[in-house]
Structure formats: structure tokens, C-alpha cells
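# show me the folded form of this:
(chains A, B, C, D and E)
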Amino acid sequence: MIRSLYYIPGQPIRKNIPLKEFPELVQNQQGLLWVDFIGEPPETCRPILQDFHFHQLAINDALQETHIPKLDDWGDYLYIVLNYMNAEDNGEAWNTEVDELDIFLGKNYVVTHHDHRVSAVDETWEGCHRDERNLQAGADHLLYRIADNLVAGYMPAVEKIDGAIDQIEDQIFDRPSPRTLERLFGLKRVLVSMRRILLPQREVLNKLARDDYQVIDPKDRVFFRDIYDHLVRLHDLNESLRDLVGGALDTYLSVINNRMNEVMKTLTIITTLFMPLTFVTGFFGMNFFEPHGTLNSWTSNTGFDVVLAINVLLPIGMYIWMRRRTWV
Amino acid sequence: MIRSLYYIPGQPIRKNIPLKEFPELVQNQQGLLWVDFIGEPPETCRPILQDFHFHQLAINDALQETHIPKLDDWGDYLYIVLNYMNAEDNGEAWNTEVDELDIFLGKNYVVTHHDHRVSAVDETWEGCHRDERNLQAGADHLLYRIADNLVAGYMPAVEKIDGAIDQIEDQIFDRPSPRTLERLFGLKRVLVSMRRILLPQREVLNKLARDDYQVIDPKDRVFFRDIYDHLVRLHDLNESLRDLVGGALDTYLSVINNRMNEVMKTLTIITTLFMPLTFVTGFFGMNFFEPHGTLNSWTSNTGFDVVLAINVLLPIGMYIWMRRRTWV
Amino acid sequence: MIRSLYYIPGQPIRKNIPLKEFPELVQNQQGLLWVDFIGEPPETCRPILQDFHFHQLAINDALQETHIPKLDDWGDYLYIVLNYMNAEDNGEAWNTEVDELDIFLGKNYVVTHHDHRVSAVDETWEGCHRDERNLQAGADHLLYRIADNLVAGYMPAVEKIDGAIDQIEDQIFDRPSPRTLERLFGLKRVLVSMRRILLPQREVLNKLARDDYQVIDPKDRVFFRDIYDHLVRLHDLNESLRDLVGGALDTYLSVINNRMNEVMKTLTIITTLFMPLTFVTGFFGMNFFEPHGTLNSWTSNTGFDVVLAINVLLPIGMYIWMRRRTWV
Amino acid sequence: MIRSLYYIPGQPIRKNIPLKEFPELVQNQQGLLWVDFIGEPPETCRPILQDFHFHQLAINDALQETHIPKLDDWGDYLYIVLNYMNAEDNGEAWNTEVDELDIFLGKNYVVTHHDHRVSAVDETWEGCHRDERNLQAGADHLLYRIADNLVAGYMPAVEKIDGAIDQIEDQIFDRPSPRTLERLFGLKRVLVSMRRILLPQREVLNKLARDDYQVIDPKDRVFFRDIYDHLVRLHDLNESLRDLVGGALDTYLSVINNRMNEVMKTLTIITTLFMPLTFVTGFFGMNFFEPHGTLNSWTSNTGFDVVLAINVLLPIGMYIWMRRRTWV
Amino acid sequence: MIRSLYYIPGQPIRKNIPLKEFPELVQNQQGLLWVDFIGEPPETCRPILQDFHFHQLAINDALQETHIPKLDDWGDYLYIVLNYMNAEDNGEAWNTEVDELDIFLGKNYVVTHHDHRVSAVDETWEGCHRDERNLQAGADHLLYRIADNLVAGYMPAVEKIDGAIDQIEDQIFDRPSPRTLERLFGLKRVLVSMRRILLPQREVLNKLARDDYQVIDPKDRVFFRDIYDHLVRLHDLNESLRDLVGGALDTYLSVINNRMNEVMKTLTIITTLFMPLTFVTGFFGMNFFEPHGTLNSWTSNTGFDVVLAINVLLPIGMYIWMRRRTWV
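Next up is the predicted model:
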């Protein structure tokens, strides 16, 4: 889908402008044009992007998925790649989906290109219709809105992960299982891949906040600085979470190790207690001896019933005891 | 709570100035105004802060908790975020609470904003009333007082942690338990989160000591340099403590491993000693043989009593022995 | 093999130019000469390279294999070393072969030297014959074509490795074996050696994209920048894959550890259940007692058959059960 | 104790100058004054230091122990903190004591302050009395002497540690014990704390050797460069030793692990050998069978004596065998 | 031994020049003097070096062994320390010997000082006699020859280590032993100490290739650049080898772990199979029962012989089986 809007101060917002009008509208330094490509195939996008006179390499990068946030300064326009991430826990494993948002930012236009719907773009789009002030501040401010919404979108994922870690930490001491380990490794992977897109994204925002670009009003840099600070904080949170996951892994291994220790100790204790006894009984079971005492009642039918009962009840009792120690 | 004080050299200190006088007082280059917001809701703070003509983004940052020390230079005022930390050991686990102190520093005013009471701010506040010299040196010197008190406030926590590590290290060799491990992981987490706020805070003080700001008298930079050195030392202490915790963890694992080794060795020794004996007794228990010797006294009633006594006393003795080796 | 082509705008491409014409052709600032040495011995290459007046050290470097990407600026020509890599999985282990492509880039000539056929060079060679536009843009653009093809050639290897990791990850939970470990260590080694050539190669491209060289048109730098971005992405992928391998190794060890735990638990449970029972039966097997009950039917021939059946069927059943738990 | 000496070329060295003469002597650009405070309480030192017009913050730093080598340039004097370290092995553990030497270096005076006797200072002091040339070269050269002696003082500790590591390495293969581990962790801690003071000290000397200071003659920088090189070498040695300790730790764990393996193998072998045999003897011990052969001599009194001897001698023999394998 | 040679273009090379002529020869800007000290005691070297007017500190450094490559620029001469390394495998362990080569490089002289024979120096010395061109290019070119030979001398050691790693890798899967581990740790130590001298040496060559020195002709920098590239490659190889050793260590531990697992599984399987059986036989061995069947033939003399044979052959068979699994 291709949607577009055009705003000139004092006039109503025009929507869904015919494609062939773009080159003309861009000439008008007063207006602000936003074109948004959603999941359009490259063959459709390429001619339109070429109408904006973007460099061949920038267009190639936009139409291929490359997944690395970056900022290329092409003089009278910027080519910016940002990433957004969806992390869903389907109960079994974490689905993480990293997608790319390509932005061309000119003095009086913004072109956005993405393969799937991006809620950050949709929110900004709707915000523009609700409140024209979003558009009055110019193209660079529109970019700020989009980036701000995009970065805000990481928070829910971070919170979900935080909750998942808390839950796992409780499990570890109660009933650790290989499943727990699997979930921890899953969380670790999500956090690592989040870190991988946060870091270069932070760098992109840092450049926007610090460097001198033709298409960005130096007075607007503080806004990008603000997003940069949010990204710093997100990165910080990410690191804390990775520390927690790392700590949970260590704790898991220690808990498992401790249980193993317990188990081995029990084995050793039982063996140590009964081996010598068994030897003693074996000793007196040898055929050197004949029974000479008067212990007949021990081997009467009643005695046998008692022994049989012991042989049945002892393992049952031990099984229950082991169950309580969560061995079985 | 909002409290304020105003000082003009040669006049008594005014307290609790009506909010609407602030803009006027700020105009007077001779005076020094300090406004302190304690746990006030954003809706109360925002209009007052706007009266100071602070930038929208700086006000937003101040009213949201962001937890990352930073310094933004807005020309005729600085926006500074510092953190303070309370680490309490409730016997079970460490409670760490990281809070934020927002400071606006102008040429002749200081605005501080925090959600909870901060002892460093309270001490400076009282110091100002006790001794006017705290105010004579200007707003930047007041900032130095606050920051100095804040940084000094880390020492008790560091010392408590140091004591806790010593205590744990003694436990490890005496009677290591999963509890020990839990406490060590807890200490590690406290130290990591302390490090996370010390590092950027150090950076903020480094900037204050090194860079050129409109609102800071270059002659006062040495004071910030001094706090910076304290932070370097705190960071150093933090690293030493983390090393100690790391070493204690390694020692714990080695001690546990050694005990495991001991246990396994005992198991092997007992098994190795008694298995062959049990086989020998089993061999002569087979029904190929008839008793042919004259060993009747061995199976008399007295003999049985002795064997019974062995069967009862042997496990009791072994249990006591294992108890002494702290296995049970 | 030595092959060469010479292009002057407006004239057909000349091929296989006699070696002695090279010095003369290089003088013509209009033309573009490409000489490609494939697996020629040093004694053949040296005199030809000396005809181009390359520095003795650069020629030595080109004729020896050194395996490290680098860029030397000799003023009116650049000496560039790039690497290419073939990673083949022969079912048993990964064969990685790293080879070197030496390039001399002048204002109007390109000299390439390699020991084996390089598909990236062959593709560019054929592309030049198919489409003269490859040559029109000059020698630096020809270098771009070669480097672009070379870098594109890493993708298939990366994808093969990705597939191999997926396959191993499935194996780990199903039936982990030392073989799995061996394959993981093999993959790790491939990825490490790939990283070792990607990093300096990235640096070479970064220099081409950023620095000022006599023989590279500043307008063409964006093309090298593009390859640089590809290398950044490849490096990123490489790092992700190494993370996956590292995670798989950790998972493997945890799975093995868990199985070990399971095994030890079973051992302990069995021992704990049967040791006391065996003692009890031993106790009543001692020769203190004479049989006094009326349990003759238990030791009849039928009883023996039942016991014999138990003795045969019990181990078989247990073996099947252990088989199902994949112990045997 | 406060001691002082004053030297003017051509005159005898004056000692123990009355405190109130200091300000006057410092005025004389020809002379060289050295004041040394040894373990004096802050209240005594402060007024004297204030007579030198040192900055309040520098005096505070000097009177408090801060333990971090640093260099503050206060224009007409330098404030330098150096550390010295005593590492003693009391047979049980390593006692490391890190102390601080504060130095104020002016154009024609040196003020040193330390809490305990420092052999490096004492040596220089005595050197000054033995040979006036130590003083002729000026205050900065005197600083060089002190620093040189201080740095030379690390060598004996390094050598003692080196010897201790050698000794432990031999122990590891012979008779590893938890005690060995404890000693290794102790050495590690000493080396880490040594590294912590070597690194910033190196930085201080690097500044002295490289930067421009009013009170240091540029021609004397090579001397500080020389000490800097010694510190680089010490740091290098420290790193080698830490590597050795790390290697010894790994070796220890591997040796322990190997022994554990040996023990487990023995357990398994014994169990595997005797379990089936015990079953067989048990089988023929069942009461299905009546003795029918003519094996009476096996259960005669002589037979019993032999079996009894086996039962006594077998465990003794095994115990001796295990003793030789250092299990018990 | 002190040897010297003196070369003036157009004249034959003079050898073993009397020591007292050195100062005079150095004055002649046309000539080139090379003095080589081999294992001479400091008292012999010092006066000769002082004749060259070298700085006291440089002479001290040259006469003491310091083992750290460095470059000091003393204006009209350079003081350079290079290291060379001999690594020998005496079958048991690796002997590594790191020695130091001190070089003073002036405009028209080279002074080399070393404690043992250095093959790189000897080769250059002989090369100078064979071919005067080595001397025509001046003192800096002579330094290049020496350094080039020195760096080339690392290759054989690297190759020997490479071979040793290959050999160990094969051993690991066949018959891992603590000996293997010891050899791996030995190799690791060699590689670490090699790395420690390669890195600063690389830095020295980098300085020679990049910086501006009075005594080095800027046109000759490319030669030092070439050695620098060799050192980069050596460092790269060293890192690869360290990776291989690290990988081999991990593999060793995994293989050992896997074997341990195998052993434990066998123990568990045997115990699990035979414990219940032994209980069953024990049960029917109790004295509640009297033999009532007609199974007399089982306990005949023939039966006993069979059982005895089983008791002898079973352990022998098992021992052979365990032998084949390399447990014993």
C-alpha cells in the first residue's frame, strides 16, 4: 500500500496524492510531503523513489532488507534505517521479529518504506490528522515523532521480558528443570538480538543529535538528543536484564549442582550404612554354621508375614520420602 | 513539599518564598535562590518549572524518573541528573533502591527535584541555615555541596557490603550452603547496580571539572575535580568488592567440589572394601556346601545377641561419624 | 594463466594483449588495462609486475601468500590484498580454505593476482565482456565490481553454516553425542577464521570509502561505502552465528549435565530402595534360624520356575526401559 | 615525626629546621628544602602545609588516606600521590599492606607525607646526606630519586610471589589439597591489588615524563621516563604472574577432576566386577536347593579359618593399595 | 666478544677496529661503523658505549636485561630494544628463552649488544661480508636487515608449535590423559609469552615505519613497514594458535566429561540390573523356607564346577571388555 499526505500551512491536508504529482510538490519549499510505502514490492517502489532523485545505492538499500540501523548523508537528503522489534512469548519460546524502517528525509518531505505495518508509523500518521501541529514543525520534526514512537515501542517488550525473568527466578528454587534452562537461553537470545539493534540505533540518533545536516534544523537537535537518552536508558535496561538472566543461569546451575550433591550424599550415606551390615549378615549366612540357638519363633509364619510387610512397605515409604525431596 | 530559600549578601535568609515571586527573584543577579521539590506530583511542579523558562524536554526529564546520571548544557542553565542509592540488608536479601535527584543550576539559582527525602539535600539545606558561607560562594558552590554530600553517602553502603563479604567468606569454609550462594549472588547484584550509577555519575562530575560552562566559575572546577576523585575511588572500591565476591564465589564452588570429591571417595572406598567381602560370604552361603565344622557356638543365642548388637550399633556409629564430617 | 583486456572508449575490447605491450598501454590515460594472473609461478609474474614499476616490497607481498587484507598507498597506485573463503562441509568436518587476491590499482589499469580461480574475478571478467559499461566508469569502478562480487561470495557460506547450526540444535535435545560437540567446535573454528578475514577486510573498505587516494575518484567512494556496509552486516551475521554456536555449546553441556543428573538420581533411587531390603533378606538368611513355618509351597519346583522367570525377565524389562530413556 | 633538611649550594646541609622558618626558606630560589612528615596526626600537619599556601583540597587529600596514585597540577607546585606495597607471606596467608606517599613538589622544595616509615624515603634521605649531588640537581631530581627507590621496592615482593607460585605448582601434581587452592586464591588477590596500584602509578609517571609542568625541568623528563619503563616492566611481570596463577588454578581443577575420574572409574570397575558374581552366589544360596555334592571339606574348620583370614586380609590389602593412590 | 666492521664506499671493509678508534670513525659522515657486543660483561661495555656519548640511562638499559621491546628517541641516535625467542620442545616440556637485543642506531653507525649469540645478527654480519650492498644503503638499512632476520626467526618456532598442536589434537580423541593437559598448558604458556614480546615489538616497528626520526631516511620507512606487516601476520598466527590450543583444551575437557558420563552410565546400568535380582535371590535365601523341590542336580559337584567357572571367567571377561573401552 502507498499512502501519502501533503500539508501547506493554512490549507487542509491533502491525502492520497497521485504518484505523478510528487516531483512537483517536492519543489514547493513551503509544503511538507509524506509518502509511506507499506509492504509494496520493489518493482512498484523503485520508479517512485527514482522520481525523488535518490541515489541508486540508497534505493537498493531501502528495497533490500539489511537489518542494520544506519544513517547516510546524501547532502540534500538523509537516508536512515531504523529497526523495530516484536518479541512475543508463545508459552513455548520467544518469537522475535526484527523489521526495518527505511526513511528518506528531505528538507520538505519524508519518505518511509517498510514491509509490514509499523505501529509507530501508524500512530504518527494518525497524529498528523488529529493535530496539524505535528506537521507545522517541518520534516525533521516529523522524523522525530516517528523515531520517538518507534523507540517507545520497545518498552512493552522489555517489560514482558522482565516479568518472564521474575517468573523463572521463582521456578528455579522450587522445581528446576531443563525446561527452565531452555527458557533462560531463549530470553538471553532475545536480549542479545535486542541489544544488537539498540546499539547502532543509538549511534544513528547520536549522529542526528550531534552532527550538522542540511535537512535538520540545529534547533531541533535537542529532540533527537532526547530520543538518544531514551535509547541509552533502554540499553541500560537491556544490560540489567541480561545480567539478571546471567545470574539466573548461574543460580540454576548452582541449584542443580547442589541437588546433585544432595543426591550423591544420600547415595553414599545409604551405601556406607548398609554395606557393612550386609557383609555381617552374609558372614553368618555361610554354610560353616548350623543353627544352634532356640530362635524358632523368628522363622514362624507370623515372622514371615512381618518380613513380607517390611519388604513391601519399606520401598513405598522410601519412595514417598524421595518424592517429597522432589527426586522422582 | 516545596521549600525555598533566598539569600542576598548582607540580608537575612528568606524562607518559604511565595511561588509567584520566583521569576522576579531570579532576575536579581546578586541573590541566590534555592527551590527544593520533595515528592511533589508533576502537575504541581510543571508550572513552577516553566516559570524558570526551562526547556520542555528538560522539564519532562525532571518529572519522569529516568535513573541515568547525565548533564545537559542548556546555555544559561545546566540540567543535571544525579543518583543516590540505599542498600539495606534485611537479613534475607539486599534491598537496593536507586533514586534520582534532578538539579537545574542557573547563574543565581538552584532548583532540586526528588521523589523522596534525600539526606544529602537535607544536610546541605541545614548547613545553609547554620552557616551562610555555604551560600556566599554562589550557586555552583551550592551544587558542589549537594554533590559532595551525595557522594559521601555511598560510603556507609560500601562498608556494610564489605562487612557482609567478610562474614560470608568465613561461612564458606565452615558450613557452605546454597544460602551462602544466594547471599553472594545478592551482593553481586547490589555491586553491579552500584557500578552502573557510579560510572555515569563519574562522567557527569568529570564534565563539570573539565568543561567550560556559563554557569560554573572556572575557579570552582577544582571542587568538582575533588568529587570526581572521590567517585574514582568509590569505583575502585566497588571493583575490589566485586573481585572479592567473585573470588568468594569461586572459593565456594571449589569448597563444594572438594566436599563432593570427599563424599565420592568415601563411597568408593566403602564399596571397594565390602563388595569383595560380600562376594566371599555369598560364595560360602551357596547350597553346595553342608556345615561340617564344629562352630556351633557361633550360632548360639549369645552369638545372635552380639550380631544384633552389631547391626544396631554399627549404623548408629557411622551416622555419628558422618555427622561429624557435616554430611548429614 | 595470464589474461588481459584493454578498453578504449569507442573501440572494441582487445583481449590477450602481448605482455610487452603493457608498459605502452599504461601510458594512454584514456584506456583501461586489466591484467589477471591466475596461479602463475612467481618467476613468471615478477618481470611483468616490474614493468609496471611497482615497488619491490609490494611485488614481494603479492607473490607470497600472506593472508591478511591490507591496503598500501604507493601514491600513483594502490596495493590491495583481499581474502576470499570457501567453507565446505564434507559431512565429517568443515574444510575452510582462505585464499588471497592481490590487486594493484592504478589510474587506468588494474592488475589482479591469485593462486586459484576466484569466482568473483571470473564473474567480473565475464561481466566486462557482456556489458562495456563495467569498464566505462574507470579502474576504480572495476575494483568496486570485483570487491562487490567477492564480498557477495561470503553469503552462501554463511547460509550453509546457519543451516548446519539449526540442524545441530535439533540434535542436541534428541540425542546428544560427542560427535555433536565435535561439529560445534568445527563450526566455531570456521566462524572464528571467517571473522579474522572479515575484520581487516572491512577496514580496507573503510579506508577506500573514507580516505583520499590519487587513483580513486571521490565520487566513487559511496560505492566502496556500500561494500563496507555489506561487510558490517556480514560481520554482524558472523557474530550472531557465533552467539548461536556458543549458546548451542552451553545448551549441549547443560543437556549432558541434566542427563548425568538423571542417571545419578536413578542410581541413588535404586540403591536406596534395594540396599535396606537386601539387608533384611540377608538378616533372615543367617544360620541362627531354622525354618519353622509351613511355607513349603514357596520352594516347590513351580516356585523355582517363577523365580527363574523373574530373574530372566526383570533385567530384560529394565534394559528396554533404559533403552527408551536413551541410556544405552 | 617531622624531619627537614635545607641545602644551598656551597653550604653544609642544615637539618631539623624550626618549622616557622619554612616560609622564608621557600622564598630563596637557590636553596632546596625537603620536609618529611612521618605518621604525624592531621592537626599537626595542617598548619605547616598551610604555610606553604597549598590549596585546601590538596591538603585534605594529603591528610586523608585515599590510596589512589594521582597527579594534580596546581601551577607552581604539583601534588602527587604514590603508593607502596608490602606483601608478606606469614606461612598461612599473604598480608598485603598498601600505603600512601603524598608529595608536594615545588620549584625549590619537596614535602613528603606518609603514615608509616617508607624505606624508599629513608634511603633517599640517607643518600642526600651521604652524597650532596642528590640535592644539587634540584627538587624534581629529588622526586625522581624517591620515586625510583619506591618503584625498585616492588621487586622483592614480585620475586617472593614468583617463588611461591613455583612451590605451589610442584604441590599440585604431588598432593593437591583445598589448602593449595586457598593459597592460589591468596596469591591472585595480592597480584590483583598490586596491579591496581601499578596501573595508575604508571599513569602518573607517564604524565611526569610527557607533560609540561612549571616545576619540572624538561631535561629531567627522561628520568621519569626511565621509571615509567620500570613500571611498564613491573606491570608486565605482574601480568605474567597472574597468568601463571590462572594456569595453576586451571591445572589444579584439572588434576582434581582427573582424580575424581579415577575414583569413579574404580568404583564402577569394582561394582561391575562383583555385582554379577554376588548375584550368582545369591542364586545358589536360595532355599530351592539342598546340598547334594561331596564338598564337605570346603566347610570344615580349616576352610573357615582360610575364609576368616581372607575377610581380614582383603580389606587391609585394599586399604594399603588405596593409601598408595593417595585416596585416604 | 666485541667485533666491529667499518665501511667507506670504494674501500675494502675494515674489521676488528681497535676500540679507541671508534670516536674518530664516527665523525666521518661517509663511513658506516658497526660494533657488536656478544656476551660482554657490563664493565667492559660501559666505557666503550660512553665513548659514543650515549645517555647514561640508555646505557643502563642496554647493560641490564629488561626484556621489553621499546624505542627511545635521543635525537641524534635511537635506542632500540628488540627481543628474540627460542622455543624448544624437549619431549617433556617447552623451553622458552627470551633474550634481548639492544641496538643504538646513529646516522652512520650501529651498535648492537646481546648476551648470547643471535643468529639474526650473525646472518646479517656474514651478509655484509658477502655483499657490500648491505652496507651501502646506510645505517638505517642495516637496522632493517637485522630486524628482518630477527622477525623471520620466529617462523620455525611457530611451525613447531603448530605441529605439536596437531599431534595433541589427535591424541585427545584416542587416549586423553593428564599428560595431554600438561602439554596443552605448556603450549599455551609458550604462546602467551610469545604474544607478550610480539605486541610491543610490533609497536616499535610501527613507530619506525610511521614517525619522523633524524637517523632514519623517510624513504626507508617502507622497509620497516614491511617488517611491521610481518609482525602483524605473526601476531595473527599466534592468535590462531592460541585459539586452537583453547579449542583443544575445551575438547579435552568435553571428551573427559563424556567418558565420565559413559562410566557413570555403566555403573548405573549394572547396579540397576543386578540390585533387584540380588534382592530376589536374598529373599529366597531366608530361613523361612525349606527346600521342597527336586532340584538336587543343581547342587551336584558338576553344578559347583560350572558355578566356579562362571565366578572365574565372568570377571576376566568383564576386565577385557573394560580394557577395550580404555577404562583400565
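# any regions of chain A where pLDDT drops low?
For chain A, applying pLDDT under 70 flags the ranges A:67, A:92, A:326-328.
# now the farthest one out in it, which residue is it?
residue A:292 (78.4 Å; C-alpha atoms, centre = their mean).
# relative to residue B:294, how far out is that residue?
According to C-beta to C-beta, to the nearest Å, residue A:292 stands 11 Å off from residue B:294. (Glycine included, C-beta is placed from N, CA and C.)
# before we move on, what about residue A:294?
For residue A:294, the distance to residue B:294 equals 19 Å [C-beta to C-beta].
# same check on residue A:216?
Per C-beta to C-beta, residue A:216 is found 112 Å from residue B:294.
# neighbour count for these two, which is higher?
Remark: of residue A:216 and residue B:294, residue A:216 carries more neighbours, 23 against 11, as counted by other C-beta atoms under 10 Å in any protein chain shown.
# show me what contacts the residue in the stretch 1-150 of chain A that chain C sits nearest to?
Nearest residue of the stretch 1-150 of chain A to chain C: residue A:57, at 4.9 Å (C-beta to the nearest C-beta). Residues in contact with residue A:57 (C-beta atoms under 8 Å, 6 or more residues apart in numbering or on different chains) are C:222-223, C:225-226.
# let's see 7 Å
Going by C-beta atoms under 7 Å, 6 or more residues apart in numbering or on different chains, residue A:57 touches C:222, C:226.
# in chain A, what residue comes closest to chain E?
For chain A, C-beta to the nearest C-beta, closest residue to chain E: residue A:304, 4.7 Å.
# which residues in chain A form strands?
A:2-7, A:14-15, A:32-38, A:70-73, A:77-89, A:94-106, A:109-114 (DSSP state E).
# partner strands of the last one, with direction?
What it means is strand A:109-114. With DSSP bridges as the test, strand A:109-114 is paired with strand A:32-38 (parallel), strand A:94-106 (antiparallel).
# once you drop chain neighbours, what's closest to the spatially most central residue of chain A?
Nearest residue to the geometric centre of chain A (C-alpha atoms, centre = their mean): residue A:190, 3.5 Å. In space, and not counting its chain neighbours, residue A:190 is closest to residue A:94: 4.8 Å by C-beta to C-beta, 6 or more residues apart in numbering or on different chains.
# please apply the same query to residue A:165.
residue A:244 (5.1 Å).
# burial of that neighbour, as a residue count?
Neighbour count for residue A:244, taken as other C-beta under 10 Å: 20.
# just to revisit the earlier point, ok, the residue of the stretch 1-150 of chain A closest to chain C to residue A:81 distance?
Using C-beta to C-beta, residue A:57 is found at 13 Å from residue A:81.
# now do residue A:115
Remark: distance between residue A:115 and residue A:81 (C-beta to C-beta) = 13 Å.
# ok, these two, which is more surrounded?
In terms of neighbours (other C-beta under 10 Å), residue A:81 is the more surrounded of residue A:115 and residue A:81; the figures are 23 against 15.
# in this structure the more buried one contacts residue A:104, no?
No. Contact between residue A:81 and residue A:104 fails when scored by C-beta atoms under 7 Å: they sit 10.6 Å apart.
# tilt between the longest helix along chain A and strand B:77-89?
For chain A, the longest helix by residue count, based on DSSP state H, is helix A:221-283. Using axes from the mean of the first three to the mean of the last three C-alpha atoms, to 10 degrees, the inter-axis angle of helix A:221-283 relative to strand B:77-89 is 10 degrees.
# closest residue of chain A to chain B?
Distance from chain B to each residue of chain A (C-beta to the nearest C-beta) is smallest for residue A:282, at 3.3 Å.
# residues near the closest residue to residue A:98 other than its chain neighbours, how many?
Nearest residue to residue A:98, sequence neighbours excluded (C-beta to C-beta, 6+ apart): residue A:85, at 5.1 Å. For residue A:85, the neighbour count with other C-beta under 10 Å is 18.
# again with residue A:156
By other C-beta under 10 Å, the residues close to residue A:156 number 11.
# ok, residue A:158 touching residue A:237?
Yes. Applying C-beta under 7 Å as the test, residue A:158 and residue A:237 come out as touching, 5.6 Å apart.
# about what we covered before: from residue D:223, how far off is the residue of the stretch 1-150 of chain A closest to chain C?
In terms of C-beta to C-beta, residue A:57 sits 57 Å off from residue D:223.
# same thing with residue A:10?
Going from residue A:10 to residue D:223 by C-beta to C-beta gives 76 Å.
# please apply the same query to residue A:309.
In this structure, residue A:309 and residue D:223 are 93 Å apart, going by C-beta to C-beta.
# of those two, which one has the most company?
With neighbours defined as other C-beta under 10 Å, residue A:309 and residue D:223 compare such that residue D:223 has more, 23 against 10.
# now that one. Nearest residue, chain neighbours left out?
residue D:144 (4.4 Å).
# burial count for the one you found?
As a burial measure, residue D:144 scores 24 neighbours (other C-beta under 10 Å).
# now the residue of chain A closest to chain E: closest residue in space that isn't a chain neighbour?
residue E:288 is the one closest to residue A:304 (C-beta to C-beta, 6+ apart), at 4.7 Å.
# burial check on the one you found, number of neighbours?
26.
# okay but it is in contact with residue C:293, surely?
Yes. Counting by C-beta under 7 Å, residue E:288 does reach residue C:293; the two are 5.6 Å apart.
# joint contacts of those two?
In contact with both residue E:288 and residue C:293: A:299, A:304, using C-beta under 7 Å, 6+ apart.
# just give the closest residue to the residue of the stretch 201-328 of chain A found nearest chain C, not the sequence neighbours.
With C-beta to the nearest C-beta as the measure, residue A:281 is the residue of the stretch 201-328 of chain A nearest to chain C, at 3.3 Å. Once flanking residues are discounted, residue A:281 sits nearest to residue C:282: 3.3 Å by C-beta to C-beta, 6+ apart.
# residue contacts, the one you found?
Contacts of residue C:282 (C-beta under 7 Å, 6+ apart): A:278, A:281-282, A:285, E:282.
# residue C:27: which of those residues is nearest?
residue A:278 (100.8 Å; C-beta to C-beta).
# and the closest one, how many neighbours?
Residue A:278: 28 neighbours (other C-beta under 10 Å).
# quick check: the gap between it and residue B:229.
71 Å.
# next: residue A:58.
Going from residue A:58 to residue B:229 by C-beta to C-beta gives 49 Å.
# do residue A:91 as well
52 Å.
# more neighbours, the two?
Using other C-beta under 10 Å, the more surrounded residue of residue A:91 and residue B:229 is residue B:229, with 20 against 5.
# got a list of what the more buried one touches?
Here residue B:229 is in contact with residue D:70 (C-beta under 7 Å, 6+ apart).
# roughly how far does it sit from residue B:160?
Counting by C-beta to C-beta - residue B:229 and residue B:160 are separated by 23 Å.
# one more: residue A:63?
For residue A:63 relative to residue B:160 (C-beta to C-beta), the value is 59 Å.
# likewise for residue A:29?
For residue A:29, the distance to residue B:160 - C-beta to C-beta - is 64 Å.
# same deal with residue A:105?
The gap separating residue A:105 from residue B:160 is 52 Å, by C-beta to C-beta.
# who's more crowded, the two?
For residue A:105 versus residue B:160, neighbours defined as other C-beta under 10 Å are more numerous around residue A:105 (22 against 15).
# the more buried one and residue A:125: what is the separation?
Distance from residue A:105 to residue A:125, by C-beta to C-beta: 16 Å.
# before we move on, what about residue A:9?
Residue A:9 is 19 Å from residue A:125, by C-beta to C-beta.
# the more surrounded of those two?
residue A:125 (19 against 10).
# so who does the residue nearest to that one when sequence neighbours are not counted touch?
Distances taken as C-beta to C-beta, 6+ apart put residue A:36 closest to residue A:125, at 6.9 Å, once the chain neighbours are dropped. Neighbour list for residue A:36: A:3, A:112, A:121, A:125 [criterion: C-beta under 7 Å, 6+ apart].
# do residue A:115 as well
Residue A:115 touches A:39, A:65, A:99, counting by C-beta under 7 Å, 6+ apart.
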